[in-house]
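1. just coords:
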């Protein structure tokens with residue numbers, strides 16, 4: 001699929017706005033994920049963070065109104081499949097999701113150059129744990145004690161493919177960390193940004209947890225479009241992803257991203 005150059009997309013949008021308004025019903029996760037989605041001390045989402053800036057800039061770039069919905073990851077995908085939602089912001093590629101979701105593709109594979117961002121997963125263990133992680137294998141796991149992951153997150157399937165017994169019955173990061181602290185799971189696979197957000201809200205847990213290095217996995221995350229959008233939107237999927245890349249690389253978004261991720 002050929003992606004239009006940024007200038008061509010800008011001119012197309014400037015000259016081709018239709019009379020009717022268009023909305024993009026876009027799903028975001030309903031849990032805090034700093035600096036992308038921020039929450040108050042009780043964990044209630046605030047409409048603040050890089051994801052909200054991104055949607056504001058995308059609306060300005062395309063002339064399309066953004067209508068965010070905040071849902072669990074699994075429900076985001078179900079409603080994308082049913083056509084109740086048009087897009088999901090920032091999800092990774094899993095082959096079975098291609099049945100109902102459009103990814104930017106190149107040579108038969110998702111085009112990482114058109115990813116919104118990358119996210120890292122790490123193993124988190126109790127501070128006193130003797131588990132060892134060499135970047136390939138987690139060793140020292142006790143018998144009949146699974147590792148943990150969040151419900152609806154693709155890392156659970158990856159871990160099962162690697163032979164781990166996985167408990168992914170619960171979505172909330174707080175509940176999963178509680179399972180870890182109680183010994184119901186031996187290690188917990190978490191996105192680093194979600195773990196950091198949790199520890200900002202629950203600083204008393206920081207001395208109880210230890211993050212194992214190196215990262216468990218680094219995955220690109222995309223703006224995924226519902227297949228129905230290719231028929232209903234005035235913009236083609238290629239134009240949507242080109243507009244997304246313009247916003248991601250814009251001076252305004254980059255300044256905000258750098259402020260949220262200060263370099264040492």
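-> Happy to help now that I have it. Since this is a predicted model, take the numbers as computed values, not measurements.
2. just the strands in the stretch 51-200 of the chain please.
-> 65-71, 87-91, 101-102, 105-106, 109-110, 117-126, 132-133, 138-139, 147-148, 166-167, 188-191 (DSSP state E, counting those that start in this stretch).
3. I'd like the ones you listed written out as a markdown table, with distance to residue 219, mean neighbour count and mean pLDDT added.
-> In short, each C-beta sits where N, CA and C put it, glycine included. What follows is those, written out as a markdown table (distance: least, C-beta to C-beta, whole Å; neighbours: other C-beta atoms under 10 Å; pLDDT from 0 to 100):
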| stretch | distance to residue 219 | mean neighbour count | mean pLDDT |
| --- | --- | --- | --- |
| strand 65-71 | 20 | 15 | 95 |
| strand 87-91 | 10 | 24 | 94 |
| strand 101-102 | 15 | 22 | 96 |
| strand 105-106 | 16 | 14 | 94 |
| strand 109-110 | 10 | 14 | 94 |
| strand 117-126 | 6 | 19 | 96 |
| strand 132-133 | 18 | 15 | 97 |
| strand 138-139 | 18 | 16 | 96 |
| strand 147-148 | 18 | 26 | 98 |
| strand 166-167 | 17 | 18 | 98 |
| strand 188-191 | 9 | 24 | 96 |
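4. Of those strands, give the one that comes closest to residue 203.
-> With C-beta to C-beta, the closest approach to residue 203 among these belongs to strand 117-126: 15.3 Å.
5. what angle separates that closest one from strand 87-91?
-> 60 degrees (axes from the mean of the first three to the mean of the last three C-alpha atoms, to 10 degrees).
6. Kindly list the longest strand within the chain.
-> strand 209-226 (DSSP state E).
7. That one pairs with which strands, parallel or anti?
-> Under the criterion DSSP bridges, strand 209-226 sits next to strand 87-91 (antiparallel), strand 101-102 (antiparallel), strand 117-126 (antiparallel) in its sheet.
8. Format those as TSV; extra columns: distance to residue 159.
-> As requested, the strands paired with strand 209-226 are exported to TSV (distance: least, C-beta to C-beta, whole Å):
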stretch	distance to residue 159
strand 87-91	17
strand 101-102	22
strand 117-126	10
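9. Nearest to residue 50 among those would be which one?
-> strand 117-126 (8.6 Å).
10. Next secondary structure after the lowest-mean-pLDDT helix or strand in the chain?
-> Sorting the helices and strands of the chain by mean pLDDT, DSSP states H and E puts helix 6-15 at the bottom, at a mean of 48. Using DSSP states H and E, the helix or strand that follows helix 6-15 in sequence is strand 23-29.
11. Would you mark the buried spots in that next one?
-> For strand 23-29, the buried set under the neighbour-count rule, 16 or more other C-beta atoms under 10 Å, comprises 24-29.
12. picking that back up, tell me the average confidence for the longest strand of the chain?
-> In this model, strand 209-226 carries a mean pLDDT of 96.
13. Check which residues of the helix or strand that it is followed by are buried.
-> Per DSSP H and E, the first helix or strand lying C-terminal to strand 209-226 is helix 229-232. Neighbour counts over helix 229-232 (16+ other C-beta under 10 Å) mark residue 229 as buried.
14. likewise stretch 247-258?
-> Neighbour counts over stretch 247-258 (16+ other C-beta under 10 Å) mark 247-248, 250, 253, 256-257 as buried.
15. Closest one of those residues to residue 196?
-> residue 257 (15.5 Å).
16. what's the distance between that closest one and residue 164?
-> As defined by C-beta to C-beta, to the nearest Å, residue 257 lies at a distance of 33 Å from residue 164.
17. do you know which of the strands paired with strand 209-226 lies nearest residue 61?
-> strand 87-91 (14.5 Å).
18. Okay, angle between that closest one and strand 23-29 too, please.
-> Using the same axes, to 10 degrees: strand 87-91 against strand 23-29 is 30 degrees.
19. Tell me where the model's unsure across the protein.
-> 1-20, 262-264 (pLDDT under 70).
20. hang on, residue 49 packs against residue 29?
-> No - the criterion here is C-beta atoms under 8 Å, and residue 49 misses it with residue 29 at 11.3 Å.
21. quick one: common contacting residues for these two?
-> By C-beta atoms under 8 Å, 6 or more residues apart in numbering, residue 49 and residue 29 have these common neighbours: residue 37.
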